[in-house]
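Trainee: with the sequence up front, the predicted model follows.
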Amino acid sequence: MTRKLLIRDLTLRDGQQSAFATRMNQSQVDRVLPYYKDANFYAMEVWGGAVPDSVMRFLNENPWDRLEKIHHVIGGVSKLTALSRGRNLYGYAPYPDEIIDGFFKNAVASGLDIMRIFDALNDVDNIKSSVTSIKKYGGMADCAVCYTIDPKYDEIPSAGDKKRGLFGLFSKKREIGDALHKPIFTDEYFLNKAKEMLALGADMVTIKDMSGLIPPSRVATLIPMFKEQLEVPIDFHTHCTPGFGLGAVFTAIIHGVDIVDTVIWNFAGGPAAPAIELVYVFCKKLGVELDVNMEAVAKINENLFDIRNELEAYDAVKQFPRPFNPLTDILPPEINKEFDKAIKAVNDNDEIALLDACHAIETYFNFPKPDERVKEAEIPGGMYTNMVAQLKQVHSLDILPEAMKLIPSVRLDAGLPPLVTPTSQIVGVQAVSSALNLKNGRPKYANPSNQFVSLVKGEYGKTPVPVDPEFRLQIAGIREETPYDTSAYKRQENPLLEEYGEVPLAKDEKEELLLELFPTVAANYLKGQRQKEWSDAQDENLSPVEERDELSGQVILQTTESKDTKTQEAVDPQMKGKYVESPKGYCVMCPMPGNILQIAVKEGDRVERGDNILVLEAMKMENNVESEVSGIVHHIFVHQGETVMEGMPLIEII
């Protein structure tokens, strides 16, 4: 019987998120959906990840509409899938079960079939509630084991290193063994995590290599082990960034994986997953059936070419692959041979030959070359680009090498978390912050982000190795690991908007969930929606004022524009503050570029030195800004949701 390989298409979520900063709008998605209905993919990843945040923040669209509109067209032809981060869903703090349950109830009702659930620490307890809820409402639980690797211990100073003071308090060997070099992330580690997920009720298990760091040789041992010991379908997910992706997928196919994640040609390769067209050629040679309508895929790809041109401003690669349709185009003999070489190399366990063949194929088709910086640093490509962006913001790109060198030590200090969202951001931002601290003569951990404190404290869950209690005391003020207490969770406020006719900010359960998951972004988006609805209603109810043009005598219909200038100014995230003198007292200045996430005081409040006065979201982390003096809040210069630059005045205290 012919073996069948199932395909999960990532183009509309992970593909566009990896390559185009999640900027596909609904009209662009709508253009390809009729062809997707004919393509017959096993599954389509269309939601979750950065999609819900981005469509509100950048496109002024409703995330629930995105999912529902795709479901309306696709129906049950392909299963619609999404990605979520266990108890954190899409935020930085764990949510109580009632929020998780409400989210999955509405997600399934809106058309979701499969949720890929992962935890950044591979702490299986953190996915338990999500597995229960998705299955409760009839969806499937795709539980993902996050692939990661051990750090290069030779780059970390030992406890007796004379440079130890430079790096600040450094973790002891803890329980890694008699030597730091004992591997943690073995094949058995990943298999045991998968078994724990299966015990929770996983309907399938994904090996999720979000960084593209898994070499084919590791795939060749993991896939057979998973297939032998797990009685559920196994999915394989990777990226092409460091150059392993195509070879890793080819290896997974030959070793019996059930599902592979791919992206359609014009969105594939580079930071994204391998192209389905290359997988199709490979499978044809192996006699493996895809059961995908490649004619429909070609039609989707034609539209993606135009859409990619429209997204040029966000294109991370700006390098189109050479046009190719495997149904109509004949491979040059030398490239055809490279596919044959790849098959032989997998069967011979010859990783070097396999990668050489895959790189020759990708070079011919003009896919991006392997990113040697990411390969050498062994961190996710997105983490690297985030670090570069952060350092550019503070005009300190020159210390990037030092920040990169700090990653292993910061990661080990924090319990060796896998580098996946959000821990990759947490560790990366702390490495940047620590490099800046050391450059300016401050202690390495002088200003840890709230998220780094929470990670070290234990609020994200159990880390792969225990955090040194003395380090936890330094960072979080306690020695004991302290899990996050969801019983203290306070739901976001849903105020009545007097200026728009006493309507609530969120008008239904789905919008209330948006507020819970994305407080600042959703508040700005929903306020804009309520304003538009109010304005439209006012326009409909206004009686036109009749005026006549003095020259022509024609009647002019004139209406009054409904716009609350003050409110609009308050919610505009692009509003710029002003630099002011503060002769009366002390003016708290913005320490780094970011967004005002929360203001903890109001004018007239008494504050003491060391009190938290606002929360600044900077470099994707939350940072408490403390008052350096005691006094009365005289004036607040900023608004919640506002974008601020370094050096801007925030709050005046007298």
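Mentor: Received it, and whenever you're ready, just let me know what you need.

Trainee: going forward, measure contacts between C-alpha atoms and count neighbours the same way
Mentor: Will do.

Trainee: mind listing what's buried in the helix ranked longest in the chain?
Mentor: Counting by DSSP state H, the longest helix found in the chain is helix 519-541. For helix 519-541, burial by neighbour count (16 or more other C-alpha atoms under 10 Å) applies to 519-531, 534-535, 538.

Trainee: for those residues, which one is nearest residue 350?
Mentor: Each of those was checked against residue 350 using C-alpha to C-alpha; the closest is residue 521, at 48.8 Å.

Trainee: my read is that that closest one contacts residue 55, right?
Mentor: No: with contact defined as C-alpha atoms under 8 Å, residue 521 does not count as touching residue 55 (10.1 Å).

Trainee: name the next helix or strand downstream of the lowest-mean-pLDDT helix or strand in the chain, please.
Mentor: Lowest mean confidence among the helices and strands of the chain (mean pLDDT, DSSP states H and E): helix 565-571, at a mean of 32. Using DSSP states H and E, the helix or strand that directly follows helix 565-571 along the chain is strand 586-589.

Trainee: what residues does that following strand touch?
Mentor: With C-alpha atoms under 8 Å, 6 or more residues apart in numbering as the test, strand 586-589 has contacts from 627, 629, 646-654.

Trainee: and if we set it to 7 Å?
Mentor: Contacts with strand 586-589, where a contact means C-alpha atoms under 7 Å, 6 or more residues apart in numbering, come from 647-654.

Trainee: which one of those is nearest residue 28?
Mentor: Residue 28 lies nearest to residue 648 out of the contacts of strand 586-589, by C-alpha to C-alpha, at 38.2 Å.

Trainee: rewinding a little: does anything pack onto the longest helix of the chain? Which helices or strands?
Mentor: In this structure, helix 519-541 packs against helix 51-57, helix 509-517, with contacts taken as 3 or more C-alpha pairs under 7 Å, 6 or more residues apart in numbering; DSSP states H and E.

Trainee: just the CA atoms of it, as CSV, please.
Mentor: What follows is helix 519-541, C-alpha atoms only, in CSV (Å, rounded to 0.1, in the frame of the first residue of the first chain):
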residue,chain,number,x,y,z
PRO,A,519,-4.8,44.5,27.4
THR,A,520,-3.2,47.6,25.8
VAL,A,521,-3.5,46.6,22.1
ALA,A,522,-7.1,45.4,22.4
ALA,A,523,-8.1,48.5,24.5
ASN,A,524,-6.8,50.8,21.7
TYR,A,525,-8.4,48.7,19.0
LEU,A,526,-11.8,48.3,20.7
LYS,A,527,-11.9,52.0,21.6
GLY,A,528,-11.4,52.8,17.9
GLN,A,529,-14.2,50.4,17.0
ARG,A,530,-16.6,52.0,19.5
GLN,A,531,-15.7,55.4,18.2
LYS,A,532,-16.3,54.4,14.6
GLU,A,533,-19.7,52.8,15.5
TRP,A,534,-20.7,56.0,17.4
SER,A,535,-19.5,58.3,14.6
ASP,A,536,-21.4,56.2,12.0
ALA,A,537,-24.6,56.3,14.1
GLN,A,538,-24.3,60.0,14.6
ASP,A,539,-23.9,60.6,10.8
GLU,A,540,-27.0,58.5,10.2
ASN,A,541,-29.0,60.5,12.7
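
Trainee: show me how far it is from its chain's centre.
Mentor: Between the centre of helix 519-541 and the centre of its chain there are 28 Å (C-alpha atoms, centre = their mean, to the nearest Å).

Trainee: what's near enough to touch residue 213?
Mentor: 242, 244, 378.

Trainee: and those residues as CSV, adding distance to residue 471, pLDDT and secondary structure?
Mentor: Output for these, formatted as CSV (distance: C-alpha to C-alpha, whole Å; pLDDT from 0 to 100; DSSP: H, G, I helix; E, B strand; the rest coil):
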residue, distance to residue 471, pLDDT, secondary structure
242, 33, 92, coil
244, 36, 97, coil
378, 25, 79, coil
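
Trainee: who wins for proximity to residue 367 among the helices and strands packed on helix 519-541?
Mentor: Of all the helices and strands packed on helix 519-541, helix 51-57 comes closest under C-alpha to C-alpha, at 25.0 Å.

Trainee: which strands and helices sit next to that closest one?
Mentor: Packing contacts for helix 51-57, counted by 3+ C-alpha pairs under 7 Å, 6+ apart, involve helix 63-74, helix 519-541.

Trainee: what's the least confident stretch among these?
Mentor: Note on the helices and strands packed on helix 51-57: helix 519-541 shows the lowest mean pLDDT, a mean of 90.

Trainee: dump the helices and strands packed on helix 519-541 to TSV, plus mean pLDDT and mean neighbour count.
Mentor: What follows is the helices and strands packed on helix 519-541, written out as TSV (pLDDT from 0 to 100; neighbours: other C-alpha atoms under 10 Å):
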stretch	mean pLDDT	mean neighbour count
helix 51-57	94	21
helix 509-517	96	20
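
Trainee: residue 518 and residue 644, how far apart?
Mentor: Using C-alpha to C-alpha, to the nearest Å, residue 518 is found at 19 Å from residue 644.

Trainee: so between these two, which is more surrounded?
Mentor: residue 644 (27 against 20; other C-alpha atoms under 10 Å).

Trainee: from residue 615, how far out is the more buried one?
Mentor: Relative to residue 615, residue 644 is positioned 12 Å away (C-alpha to C-alpha).
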